[in-house]
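>>> Here's a sequence, model it:
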Amino acid sequence: DLTTFHALPKGGRSEIDPIVPGKPEESYLVELMKAKDASRMPPKDSGDAVPAAKIAIVEQWIREGAKLDGDIKANADLLRELRVRWKPPVPPTAYQYPVIITAVTFSPDNGKVVAGGHHEINVWDIKTGKLEKRLRTRAERTYALEFLPNGQLVAAGGRPGQEGDVKVYDLNASKGKVENGVTVLDGVNDKKVLVKQLLETDDVVLCLDLSTDGKRLVSGGCDRLVRVWDLSKGVQEAKLEQTIENHADWVFSVELTRDGKQLLSASRDKTAKVWDLKAKESVMTFPSHQAPVYGVTVNADAKMGFSVGEDKQVRSWNMTGNRRRQVRAGGGHSAAVVKVLHHPKQNLLVTCSADKTVRIWEPSRLRATRTLSGHTDWVYALAFSKDGNLLVSGAYDGGIRVWNVSDGKLIKAFNGSPGLKSVATSK
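Just a heads-up that it's a prediction; the model follows:
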């Protein structure tokens, strides 16, 4: 048991202390790490063997007495202690390889695109396609972005399999330093920039949604939990209202109905669900995808839900009355559908897919009315501008494309990888 120092001697054979201080050659822990047979730790079906260089570090620690650092308690969670001591790397000045765009949004004035990078969030000018700001983050990847009514930015993400967080940043609180004409902000250490951490968890946070009045925030992620915060008194006094365990696997998408009464969620457990926020109970499960469900959204009157997933389908389902079941399924995408959004003002849907396209749909018949082509890799991220006139999409190869919603015309295309020399995806 490696979760705490206190529990370490209790692992393995009960009659053998796995560590003999000062004698790595007699320590059972080292024997297990070096084993070539079925006794090896970790087991072959759980991962690769411990590299020789890391075994050497353990041997040195045992040789020096196998002591616990003085500032750590014997019953402390070692994974958390390691996480606290870990320092995020500084993002490269210029990327050698494209960054996967897993989150995009528009600035409040609709003039900028904000996109996730590698240990950073970047702000791009739409007219010029030029990088304006780089916000350094602890999170390796950012999976969701939402602007609060006061202009502060909420970001969800983390380091896959290691940690996750929801944090609030003020992109205008600090002048930052300027490198190559780009403002660089420190979202790790500068408390003027990092104004609030709402959540710290053991794996990444994958999705966010903000209520229409900006007073309630929802998140979901790899820990299977959906969390709901009350922001009515501002983020500094944010209150965690509910922690909802309604799924059996990762939660990929969450969305509040516009009246704020219900919450939709989509999961790797192959279901979409509806939660009554006042009653604090699940009121509907939609299982028709029979495959991981990646995205969920709802129409303006909260009568119809929509979901997409690995089965390549867009599905609509009743949320009211006694006939809470699928209404229609719409095909068209040739690969998994990753996101679905309902337009903030018009009755239309937008989806993006691993088939490298973005599609606009008429919701009642689930008929694709327009296909937006040009991406050269899987499209992972989508967002409408607040006024609904613009749409931005982001792809696996770093490609970012801004579209005019009314006619589907491309407004701007560029690669969201700072300093990348090859920009084939932006052509």
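
>>> What pLDDT is listed against Tyr294?
Listed pLDDT for Tyr294 reads 98.

>>> Go through the helix or strand of the chain with the lowest mean pLDDT and flag the buried ones.
Of all helical and strand segments in the chain, the minimum by mean pLDDT, DSSP states H and E falls on helix 78-85, at a mean of 78. Buried residues in helix 78-85, counted by 16 or more other C-beta atoms under 10 Å: Glu81. For glycine as for every other residue, the C-beta is placed from the backbone atoms N, C-alpha and C.

>>> send the alpha carbons of that helix over as CSV?
In CSV, the C-alpha atoms belonging to helix 78-85 read as follows (Å, rounded to 0.1, in the frame of the first residue of the first chain):
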residue,chain,number,x,y,z
LEU,A,78,1.5,10.6,-0.6
LEU,A,79,-0.2,11.2,-3.9
ARG,A,80,-1.4,14.6,-2.6
GLU,A,81,2.0,15.4,-1.2
LEU,A,82,3.6,14.7,-4.5
ARG,A,83,1.0,16.8,-6.2
VAL,A,84,1.6,19.8,-3.9
ARG,A,85,5.4,19.6,-4.6
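
>>> other SSEs contacting that helix?
Here helix 78-85 is seen to pack against no other helix or strand when contacts are counted using 3 or more C-beta pairs under 8 Å, 6 or more residues apart in numbering; DSSP states H and E.

>>> Would you tell me which helix is longest in this structure?
Across the chain, the helix with the greatest residue count (assigned by DSSP state H) is helix 52-63.

>>> which residues of the stretch 301-427 of the chain fall in strands?
Under the criterion DSSP state E, counting those that start in this stretch, the stretch 301-427 of the chain contains strands at 304-309, 314-318, 326-330, 337-342, 349-353, 358-362, 367-372, 379-384, 390-395, 399-404, 410-415.

>>> Looking at those, which is nearest to Ala38?
Ranking the strands of the stretch 301-427 of the chain by their distance to Ala38 (criterion: C-beta to C-beta) puts strand 304-309 first, at 38.3 Å.

>>> so how far is that closest one from its chain's centroid?
Counting by C-alpha atoms, centre = their mean, to the nearest Å, strand 304-309 is centred 19 Å from the centre of its parent chain.

>>> Tell me what angle it forms with strand 349-353.
10 degrees (axes from the mean of the first three to the mean of the last three C-alpha atoms, to 10 degrees).

>>> quick one: average pLDDT of strand 304-309?
When pLDDT is averaged along strand 304-309, the result is 98.

>>> Show which residues not belonging to it make contact with it.
Residues outside strand 304-309 that contact it (C-beta atoms under 8 Å, 6 or more residues apart in numbering) are 264, 266, 270, 272, 274, 286, 289, 291-299, 314-319, 327, 336-340, 342, 349, 351, 363.

>>> buried stuff in that strand?
Of all the residues in strand 304-309, those buried under the rule 16+ other C-beta under 10 Å are 304-309.

>>> from these, which single one is nearest Glu163?
Ranked by distance to Glu163 (C-beta to C-beta), these are led by Gly309 at 26.6 Å.

>>> Could you give the bridge partners of that closest one?
Val293 (DSSP bridges).

>>> what about it, distance to Gln290?
As judged by C-beta to C-beta, to the nearest Å, Gly309 and Gln290 stand 9 Å apart.

>>> okay, and the common contacts of those two?
Counting by C-beta under 8 Å, 6+ apart, the contacts common to Gly309 and Gln290 are Lys270.

>>> that older thread, let me know which of the strands of the stretch 301-427 of the chain is tucked in deepest.
Among these, strand 304-309 has the highest mean neighbour count (mean count of other C-beta atoms under 10 Å), at a mean of 27.

>>> give me the beta-bridge partners of Asp186?
According to DSSP bridges, beta-bridge pairing links Asp186 with Arg136.

>>> how about low-confidence regions in this structure?
Applying pLDDT under 70 to the predicted model, the residue ranges of the chain that meet it are 1-2, 9-15, 422-427.

>>> can we see that at 50?
424-427 (pLDDT under 50).

>>> pretty sure Leu263 is touching Val218, no?
Yes - counting by C-beta atoms under 8 Å, Leu263 does reach Val218; the two are 6.2 Å apart.

>>> which neighbours do the two share?
In terms of C-beta under 8 Å, 6+ apart, Leu263 and Val218 are both contacted by the residues 226, 228, 254-256.

>>> Quick one: which of these is the most crowded by neighbours?
Val254 (26 neighbours; other C-beta atoms under 10 Å).

>>> Quick one: residues contacting that one.
207-209, 218-220, 226, 263-266, 296.

>>> same thing but at 7 Å, please
For Val254, the contacting residues are 207, 209, 218-220, 226, 263-265, by C-beta atoms under 7 Å, 6 or more residues apart in numbering.

>>> For Gly220, give me phi and psi.
Gly220 has phi and psi values of phi -150, psi 160 when expressed as degrees, to the nearest 10.

>>> Show me what the longest helix of the chain is packed against.
If you count contacts as 3 or more C-beta pairs under 7 Å, 6 or more residues apart in numbering; DSSP states H and E, helix 52-63 packs onto helix 28-34.
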